[in-house]
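Engineer: sequence unknown, structure follows:
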């Protein structure tokens, strides 16, 4: 009987983990997006460098963002800083790509990430478009602060575990 309960628990866990669900980011939120020039390897590398170089600035404003009003104010004040970081990154990459920074209502396509579906629509957001803006993009949420920008080193040191595997190993 104990094994049957464990097997049922494992099956239910797998079904719950694999179920796609719609999660709605709160209406009072501000998204952040960096769109690459294209999907070429070089343009994707440049996009990642831009995101990584903006990391410190994004962390600063997300720690200050305790309300939607403060978030809007802080983001608007930091746009020149963001522009300087992007410009410097593009210069370091020896590319003549242009870029734009737009803060306001911007279109976001539907996005699936880790089994969660984020609906398409117009959202208040800070969007940095590199070159033609035809490539894959990075995005997260600035308010409420859900931007977890990890350095490549931090991302590589993450250890993933499986509750289901641990149960199987323990009892079988």
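Structural biologist: Alright, I've got the coordinates. Nothing here was measured: the structure is a model prediction, and the numbers come from that model.
Engineer: can you pull out the strands in this protein?
Structural biologist: 21-22, 30-35, 99-108, 111-113, 116-118, 121-130, 137-143 (DSSP state E).
Engineer: nearest to residue 41, of the ones you listed?
Structural biologist: With Cβ to Cβ, the closest approach to residue 41 among these belongs to strand 121-130: 14.3 Å. C-beta here means a position set from N, CA and C on the backbone, and glycine is covered the same way.
Engineer: what is the closest one packed up against?
Structural biologist: strand 30-35, helix 41-64, helix 68-92, strand 99-108 (3 or more Cβ pairs under 8 Å, 6 or more residues apart in numbering; DSSP states H and E).
Engineer: what's the weakest-modelled helix or strand in the chain?
Structural biologist: One helix or strand of the chain scores below all others by mean pLDDT, DSSP states H and E: helix 152-156, with a mean of 42.
Engineer: circling back to that earlier point, buried deepest among the helices and strands packed on strand 121-130, which one?
Structural biologist: strand 30-35 (a mean of 22; mean count of other Cβ atoms under 10 Å).
Engineer: show me what that one pairs with in its sheet, parallel or antiparallel.
Structural biologist: Strand 30-35 has the following sheet partners, assigned by DSSP bridges: strand 121-130 (parallel), strand 137-143 (antiparallel).
Engineer: the ones you listed: lowest mean pLDDT?
Structural biologist: Here the lowest mean pLDDT among the strands paired with strand 30-35 goes to strand 137-143, at a mean of 88.
Engineer: who's in contact with residue 61?
Structural biologist: Counting by Cβ atoms under 8 Å, 6 or more residues apart in numbering, residue 61 touches 71, 74, 75, 78, 142.
Engineer: between the residues you listed, which is nearest residue 108?
Structural biologist: Distances from residue 108 to those, taken by Cβ to Cβ, are shortest for residue 142, at 13.2 Å.
Engineer: just checking, the closest one touches residue 75?
Structural biologist: Yes. Using Cβ atoms under 8 Å, residue 142 is in contact with residue 75, at 6.6 Å.
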